[in-house]
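Trainee: Provided below for reference: sequence and predicted model.
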Amino acid sequence: MIAVPDRDRVLGRYAKHVNTSLASLARLVAAPVEVSAAGTKVLGSDGHTYLDCGGFGVFLLGHCHPSVVAAVRAQLERNPLATRLFLNPELAQAAEDLAGITPAGLDYVFLTNSGAEATEVGLKLARLAGKKHIIAMHGGFHGKTFGALSVTGRAQYRDPFAPLLPHVDFVKFGDAAALCASLTPDSVVLLEPVQAEGGVRLAPDGYLREVRQACTSTGAVLILDEIQSGMGRLGAWWGADLAGVTPDLLLTGKILGGGVMPVGGVVATAEMFAPLNADPLLHSSTFAGSPLAATAVSATIAAIKSEGLIERTRELGPVVRELAIEAVAAHCAHAVTEVRGQGLLIGLDFVSPETATEFLIGLLDQHVIPSYSLNSSNVLRLTPPALLDSADLRWLGGALNAAAKHVARTVPRAA
Ligand SMILES: Cc1ncc(COP(=O)(O)O)c(C=O)c1O
């Protein structure tokens, strides 16, 4: 029996010691305490089981994936954190495994503790390659540490922290001509194959290939941030694979730890990694690449392969998208401008942030958890595990219909 924490005590502690606004928000949406989770489900302190279609893109393998948990548990009991003076076999294995699934030519791996740290390492490697001018995308999201924030395309998050990194230009995502107009041999270009926090923005066909060609011909460095789009989320290991491009640096995170451990990483060409090969202390972090994290990475890659989760994502993506399209068309077409996505990264674009919030409330009412989008308040996201079975899909379909009806009641149609 799992002890159910007392919600009021948890809320009280949030209000006193965690964050007052988060406490108020939890009160407002009647958020329960998370008690436990397994597979596609999360158990709340309200006694309800929730279908997790959110989690900000982390849980492609669901919660507590048995083989990842088993590997991490065994590692926990054997050697959780390394001395860092001796060799770490788990890191060596994880690096080989990760290099084995990234595009050919990306060979050197630096594991980090988060996605934002992966962005930092990417930017630092670009700087070591002599690139002082950064081109990032409006709407792009790369994390909230100072460097990552400097290249994150939402002024609302950046402005309170100015001055940030200098020499950063933002251009329109999907517009190769705009990028080319800013590109110099001194540039590093940083972008996501699909802007996830930007509200599931897809680039036009051929865009990434054009970006790659432009970077190559100018001598600029290309970093693809696959922290949310990678590790199977789009129905391929990487967005880079779908586009047929190889970046100079690829950033990963989220699914990388299998929903069990927090892990990010950078995978680099030998050329881009050369300065760190020459001096490993140019970038280091006490906990980076710990045996626990590395074990989770290897177990995650093995599980995705052995359970065919990429193929399953390719099958489930259109099914989930169709459920959303049908629910919207049946009840609240006036409130939604588009339902779009790739694989199991699906966005519902509403006419206003308030409408998106009403839909979110409608889904929570049906015990389905979505994610909002950090860079686009109009867009609600569905990023479910690649484990949804037919009962889960029926549940999700019913919940989407109920939420769409709720929106139809609360959001007036234009006269
Ligand atoms: C594309 C992308 N890059 C970077 C990050 C930052 O990762 P983290 O929150 O682990 O620092 C995120 C997080 O949502 C992301 O979606």
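Mentor: Now that the structure is in, tell me what you want to look at. Being a predicted model, the structure only gives us computed values, none of them experimental.
Trainee: quick one: low-confidence residue ranges for the stretch 251-400 of the chain.
Mentor: Within the stretch 251-400 of the chain, no range satisfies pLDDT under 70.
Trainee: burial measure for whatever residue of the stretch 101-250 of the chain ends up closest to the ligand, as a count.
Mentor: Proximity of the stretch 101-250 of the chain to the ligand (Cβ to the nearest ligand atom) peaks at G115, 2.2 Å away. (Glycine included, C-beta is placed from N, CA and C.) Neighbour count for G115, taken as other Cβ atoms under 10 Å: 29.
Trainee: surely it meets I255?
Mentor: No. Using Cβ atoms under 8 Å, G115 is not in contact with I255, being 10.8 Å away.
Trainee: V245: how many residues sit nearby?
Mentor: That count, for V245 with other Cβ under 10 Å as the rule, works out to 22.
Trainee: same question for the one 4 residues further on.
Mentor: Other residues lying near L249 total 27 when counted by other Cβ under 10 Å.
Trainee: how about the secondary structure of the closest residue to it other than its chain neighbours?
Mentor: Nearest residue to L249 in three dimensions, chain neighbours excluded: I223, at 4.5 Å (Cβ to Cβ, 6 or more residues apart in numbering). Going by DSSP: H, G, I helix; E, B strand; the rest coil, the secondary structure assigned to I223 is strand.
Trainee: which parts of this protein sit against the ligand?
Mentor: Within reach of the ligand by Cβ under 6 Å from any ligand atom, the chain has these residues: 56, 114-116, 119, 141-143, 192, 196-197, 225, 227-228, 253, 264.
Trainee: tell me which of these fall in strands.
Mentor: Secondary structure assignment (DSSP state E) places 225, 264 from the residues of the chain next to the ligand within strands.
Trainee: break the protein into its domains for me.
Mentor: If you go by automatic domain parsing, the domain ranges for the chain are 7-21+30-64+308-410, 79-306.
Trainee: let's have these in CSV, adding distance to A70.
Mentor: Shown next, in CSV, are the domains of the chain (distance: least, Cβ to Cβ, whole Å):
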stretch, distance to A70
domain 7-21+30-64+308-410, 10
domain 79-306, 8
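Trainee: contacting residues for the closest residue in space to S187 that isn't next to it in sequence?
Mentor: What sits nearest to S187 in space, not counting adjacent residues and going by Cβ to Cβ, 6+ apart, is A220, at 4.1 Å. Residues near A220 by Cβ atoms under 8 Å, 6 or more residues apart in numbering: 131, 135, 183-189, 214.
Trainee: taking those residues, please make a PyMOL selection of just the buried ones.
Mentor: Here is the PyMOL command that selects only those of those that count as buried (16 or more other Cβ atoms under 10 Å):
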select buried, resi 131+135+183+187+188+189+214
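Trainee: narrow the contacts of A220 to those in strands?
Mentor: 135, 187-189.
Trainee: what are the buried residues along stretch 119-134?
Mentor: 119-129, 131, 133-134.
Trainee: can you check stretch 403-415 too?
Mentor: 403-404, 406-408, 410-411.
Trainee: thinking again about what came up before, residue contacts, the residue of the stretch 101-250 of the chain closest to the ligand?
Mentor: Neighbouring residues of G115 by Cβ under 8 Å, 6+ apart: 142-143, 227-228, 251, 253-254, 264.
Trainee: show the contacting residues for the spatially closest residue to it that is not a sequence neighbour.
Mentor: Nearest non-adjacent residue to G115, counting by Cβ to Cβ, 6+ apart: G253, 3.5 Å away. By Cβ under 8 Å, 6+ apart, the residues touching G253 are 112, 114-115, 118, 227-228, 263-265.
Trainee: ok, the residue in the stretch 251-400 of the chain positioned nearest to the ligand to R312 distance?
Mentor: Across the stretch 251-400 of the chain, the shortest distance to the ligand (Cβ to the nearest ligand atom) belongs to G253, at 5.0 Å. Using Cβ to Cβ, to the nearest Å, we find G253 at a distance of 21 Å from R312.
Trainee: L250 - that's part of a helix, no?
Mentor: No. Assigned with three-state DSSP, L250 falls outside any helix and is strand.
Trainee: which neighbouring elements make contact with the longest helix that the chain contains?
Mentor: Scanning the chain for the longest helix, with DSSP state H as the assignment, gives helix 309-331. Contacts defined by 3 or more Cβ pairs under 8 Å, 6 or more residues apart in numbering; DSSP states H and E place helix 309-331 against strand 336-342, strand 345-350, helix 390-410.
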